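S.K.: this one's structure only:
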């Protein structure tokens, strides 16, 4: 972790503690200090100039700033990084007032507290390696190669019963003789359900006393993205990470369109081949980054939603999407990696996480495994916000789960200028309550080409507080700004003028977009409420809210509560776990008892089909309001608080 | 079984009882009545005319016989079949004297008594079929299709634990819905070694309440021939039989040359593909003959020698042929039939019989299973005479086994005019002790093109008794016949002159051929002796000798004892079981506990590597004599008994 630095902004006199190296524009955004930044941080508009009164920054691309200003100590906030403690003066003409008056304590937890998994794995992976040196055969003892290995494993190592597929038997005679009957056997340990015993499957023979690490690949198969980690099975260490888009995207953006594609001729095969192609690229990258040999990979543990898991394995997905929403299978045996087309060694295999239901998949089970709620006394709400928002409520005594068709609004889908969190996406925004002008921060400082989930939450929250937007998600028309105007789809707010955008056109947020956003956050929130009601609890009974998903890392808690996406409870209860599905896959890869635990967790999770629950529909309708029709649920939110009159 | 008829030959006054329908030439051969038949029975030479004094025959191809003779009641023995009891007169000029004076009792058992397997299988095959009608899923119970089946099998049928490969999971959602949640599940029952419990593997789902038979294919993979039976698993009945040459023959005649081929580039793959091609043809023929559908086949049980099993599965055979003769594997898991290239349904599989050693394979274990010696108190010698002669001695308390490199002499290999038992092969022969002229019977009555195993045994035995051959296997030169002459390979006997042969050249048996024959019979006999010595027994302690193999059905016991191939013990102790390997495969297909029993049998069989045993070499040298150096071992054999002076 980089060291902390204190940055004090004048004339607002707001002080914030941030990691060294952070961009000054981000610091101002986080502090709520308005600096005009129409270009999103690309250094093009030169509006964001501030004066460094005390302390040191490093700056790039200062050409837009005249030498005189530079000499006076001015820098561009979007091009300058914090080196030491700083005193910064924002030029008088550009200073708005403090946007959200907060004390230090509050500001520190405007983001959810990052958490690591509380689950500590034993280093006890799904394979074991045994160094063997049986007596070489002689005429008095010329039992077959395979039976000699089986016998030695039983007598010398107390490992039995052992079995082997034909593929390994084919390689065995040559391999065991290469180093004169000294070899390392790799065996898969398969627990026998109901029998409290293991079967051992011989999956690889390597000549000599092997000391290279054994490796596993932990994978999260997301609808949009694939994430992978290379895990050293001797130490549990992660040797490399890689990710990329799921190549299935070209066959549909969401799970429903993928299912539709799968039911076409060859569709399922093509989807299967595409995701495998992506996974092979990830494996390639992991090996390259870690300089590890491919043949050290023993297995892959993959977690994905139920549709992704079906498509990866080639299971028929049709009945996932029609009531009563039945998967083909959940607890699938280890599958030969090569039979799926994965570029992994002969004998290596894939283990997929079991899911709970058609829309609560192995990724959520892996998430629950890694977030530890299954072993905790604390009443926990676990949420994974994505195209389908999945939620789990409970603790070690009870686990209830549901999915809500939130729609893709928080992934930028379904909005005219929505986009995924990619370069050029507006991710940070601050609106000056006086001028109603926005200060923009885009990903990688590229000219704005759209707005992503965190930007959407920020802008809606601020519009509500400033009074640009009413609680129904409609714009005020009577304000003295040209940013609010009547567009093709009703009223809209111009986030970025065409001259400053990377699109060559105005980037806007319309009332139609707002409708989608309200529906998305309403679906999630009414999901929590409904699920908690089933247990007889309210949001105030929650000890913890754990937020998962890549998206989660950008969520500002204040803004998320303001729009009614997250419950209005003390901020310190919010934790951010990141990609909990991948974390769960890694845990199970390191400790096979946790794979078994996942099966127990999946069985213990009671799924509620919200879409078929009348109470959910009532709750949903009530949630189509900012923050909510029932104001008592959001006591800390004050719509119009910053309204400028 | 056809009814018996009595045939009395004059003037020798020999009476024999034979099945109705038998060829008169065969009857004379069996009775030891000499009738000239130089053409082998093709009806071409017309030398074999005999007069039907009483009774009725049916005759074909009588053109060679002049109408006058026909009117007098003459027929060609090689073209006439026994209808009623007969009185036959052999024309005076052609009558030899009785070749081997024997009483009725002796004659009846000149062939080994046919036996069926004494092992009675339970109808309890390797798969079970369960009709299922679980409740259809609903919102309150939308567990996955596969888990619903697993749950129903456990709760309603007490069947667990159940597993399934990915292939069946892929088909499952569609199949179970075709008849509205009524379906038949086929499960493989896998005993878990050491755990006294079964695993159940779901291998097929068929809509509705299936009543069609479930089928298995029992296979004997011979080096030369493939034999198959289609077995109804509900009744144990054999629905069809088929056989053909092993297509691997084009890549080598014997197991050693196949191994050599396998070690060439692509050799193993090609051998594997060839045997699978032959097996697919057998499956095709079995289905056609029985009018059964292919998808009713659940599995194949295959027994073969260790080399054949390796080549069928694609296992590396190199170490089978170099000391200390180690197979790659013996107890192989069920193998997916389709992965081997077999045209069998998805989910169906192959089970191979375990072998004992490199040259005592699963065919012998299957033979022991079916001949019942493993459950008998009687001290039994089991012999399978082929290119490799395999022998097993023992009873339920002890089983010792060995293989002898007899060489292919009894399959016609290694002799200048030797051939397999195919049309045109001389299989029966009778030499007139007066004229030393042979009476020949060929397979299918085709002009002679060579001599096969049973013909070889017959001719050598008679030559020894008549004194043409001395006990060292050398010809007498001083006899008044042009049949014995000096040829390119030393002295030889002309079996068939070129004008009567189908080859256009003389068919002979030389002293070089005789050397090979002595070596072959010596290898077998010293094998029995050596093995019995290890147990502390002699041939006189044997309660039974069971002869197996297609070849065994043609063996004349008298002749075989005369040349020292079979031990000189009471003839009623000899039993002929036919293809005991195929019989064993069928038993295991019907009753899975017998497959498990086979594993016990294979483990219980102690293999003796004769080729490395000095005592064997001594025994072998002593056996290179007719019948044997130690005359006391063959008290009933009288070389030169029929010598004409």
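M.R.: That came in fine, so what should we check first? Owing to the predicted nature of the structure, the values given are computational and were not obtained by experimental measurement. Numbering: from 1, shown residues only, chains lettered A, B, ... in the order given.

S.K.: only C-alpha atoms for contact and neighbour calcs from this point on.
M.R.: OK.

S.K.: and the closest residue to residue A:110 other than its chain neighbours, how close does it get to residue A:22?
M.R.: What sits nearest to residue A:110 in space, not counting adjacent residues and going by Cα to Cα, 6 or more residues apart in numbering or on different chains, is residue A:557, at 5.2 Å. As judged by Cα to Cα, to the nearest Å, residue A:557 and residue A:22 stand 20 Å apart.

S.K.: more neighbours, these two?
M.R.: Comparing residue A:557 with residue A:22 by other Cα atoms under 10 Å in any protein chain shown, the one with more neighbours is residue A:557, at 20 against 17.

S.K.: for the more buried one, list the residues it contacts.
M.R.: Contact partners of residue A:557, counting by Cα atoms under 8 Å, 6 or more residues apart in numbering or on different chains, are A:109-112, A:566, A:571.

S.K.: phi, psi of it?
M.R.: Residue A:557 adopts backbone torsions of phi -60, psi -40, taken as degrees, to the nearest 10.

S.K.: quick one: it and residue A:491, what's the gap?
M.R.: Distance from residue A:557 to residue A:491, by Cα to Cα: 27 Å.

S.K.: ok, now residue A:85?
M.R.: 44 Å.

S.K.: then residue A:453?
M.R.: Per Cα to Cα, residue A:453 is found 21 Å from residue A:491.

S.K.: what about the two, which has more around it?
M.R.: residue A:453 (27 against 18).

S.K.: now do the contacts for the more buried one.
M.R.: Shown in contact with residue A:453 (Cα under 8 Å, 6+ apart): A:409-412, A:418-421, A:427, A:551.

S.K.: change it to 7 Å
M.R.: A:410-412 (Cα atoms under 7 Å, 6 or more residues apart in numbering or on different chains).

S.K.: now, which of these lie close to chain B?
M.R.: Checked against chain B using Cα under 7 Å from any Cα of the partner chain, the contacts of residue A:453 yield no neighbours at all.

S.K.: just put the residues you listed in a markdown table and tack on pLDDT, secondary structure and neighbour count.
M.R.: Shown next, in a markdown table, are these (pLDDT from 0 to 100; DSSP: H, G, I helix; E, B strand; the rest coil; neighbours: other Cα atoms under 10 Å in any protein chain shown):
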| residue | pLDDT | secondary structure | neighbour count |
| --- | --- | --- | --- |
| A:410 | 83 | helix | 28 |
| A:411 | 78 | helix | 22 |
| A:412 | 78 | coil | 24 |
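
S.K.: and the stretch 351-500 of chain A, which residues reach chain B?
M.R.: residue A:357.

S.K.: can you do 8 Å?
M.R.: Proximity of the stretch 351-500 of chain A to chain B, by Cα under 8 Å from any Cα of the partner chain, involves residues A:356-357.

S.K.: where does the stretch 351-500 of chain A get nearest to chain B, residue-wise?
M.R.: residue A:357 (6.9 Å; Cα to the nearest Cα).

S.K.: can you count the residues close to that residue?
M.R.: Residue A:357 has 29 neighbouring residues, counting by other Cα under 10 Å.

S.K.: report the beta-bridge partners for it.
M.R.: Residues in a beta bridge with residue A:357, per DSSP bridges, are residue A:360.

S.K.: any idea how far it is from residue B:578?
M.R.: Separation of residue A:357 from residue B:578 (Cα to Cα): 58 Å.
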